[in-house]
Structure formats: structure tokens, C-alpha cells
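>>> Here you go, sequence then predicted model.
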Amino acid sequence: VVSSTTGAASVTDTAPPMVKASEVTVPQNDNLLLVGGPAVNSLTARFLGSSWSYRPGEAIISLKANGAKVALIVAGTDAVDTRRAGRVLRDYQLYKSRLVGGMVKVTGTSSTFTDTVVSAA
């Protein structure tokens with residue numbers, strides 16, 4: 001978005017609107033950020049399959065090809081695990097040396113996320 005006030009141009013990034021998986025008609029048309037495991041997000045299931053082999057306290061962050069675009073998947077065994085993985089992305093500067101490859105596993109059991117570990121999946 002480019003805006004101008006008193007002659008000075010300002011450029012800011014604006015995220016596209018969030019939509020539900022059911023509202024995405026042609027996934028290959030967009031880069032996707034998918035949140036939630038395959039049991040709760042049909043687009044995640046499309047990329048990962050419908051089975052989930054991880055245990056409580058485990059989540060994944062996975063980058064998948066989506067035609068000429070990409071899909072970034074943030075999914076946990078339950079909602080707390082998914083939030084933990086989301087916090088890893090939010091605080092990526094703390095974890096950037098471990099955010100390598102196409103997929104990482106995020107583990108932890110603390111509800112305050114103080115014991116988060118990121119490792120190769």
C-alpha cells in the first residue's frame with residue numbers, strides 16, 4: 001500500500017485478508033499460511049494427508065510446494081501445540097538458526113511456552 005501525506009510517500013505492507021479453508025477455491029493461485037492440523041483444516045490435510053503421527057506436546061512448521069506458490073503449514077497436536085509453533089514464527093529471530101529445511105518439529109509442554117524446542121523433523 002502506498003499512501004501520501006503532505007507530499008511524502010509512505011510504503012507499508014498490508015496482509016491479505018484471512019479466509020477459511022472452505023473459502024479457498026483454487027489453492028494454487030496463492031501463497032498460503034495454513035494454521036491447524038489436518039483434523040481441523042482441510043487444506044492442511046490436502047498437503048499433509050489426513051493422518052497425524054505426532055503426540056501431545058508436538059507441532060510442525062512445514063513448507064510445501066503449492067504449484068508455483070508455497071504453503072507454510074503451522075500445525076500442532078492440539079491448539080496449545082499449534083500456538084507454540086506460531087510463537088516460533090512470531091519470534092523467528094530467536095529460532096532462525098534452527099528453522100532450516102522444509103520442515104521442523106516444535107516441542108514443549110509448558111503452557112507459558114518457556115520450554116520450546118525446535119529441531120529437524
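Alright, I've got the coordinates. Keep in mind the model is a prediction, meaning the values are calculated, not measured.
>>> Give me the below-cutoff pLDDT ranges for the protein.
Applying pLDDT under 70 to the chain picks out residues 1-12.
>>> try 80 this time
In the predicted model of the chain, residues 1-16 satisfy pLDDT under 80.
>>> What's opposite the residue nearest the centre of it in the beta bridge?
The C-alpha lying nearest the average C-alpha coordinate of the chain belongs to Val74 (Cα atoms, centre = their mean; 3.3 Å). On the basis of DSSP bridges, Val74 is bridged to Val35, Ile61.
>>> and if you look at Val104?
With DSSP bridges as the rule, Val104 is bridged to Ile61, Ala120.
>>> Burial check on it, number of neighbours?
21 (other Cβ atoms under 10 Å). Yep, even glycine has a C-beta here, placed from its N, CA and C like the rest.
>>> so how far is Val117 from it?
The gap separating Val104 from Val117 is 10 Å, by Cβ to Cβ, to the nearest Å.
>>> And stretch 74-92, how far out from the chain middle?
The chain centre lies 8 Å from the centre of stretch 74-92; the measure is Cα atoms, centre = their mean, to the nearest Å.
>>> Since that was my last question, I'll sign off now.
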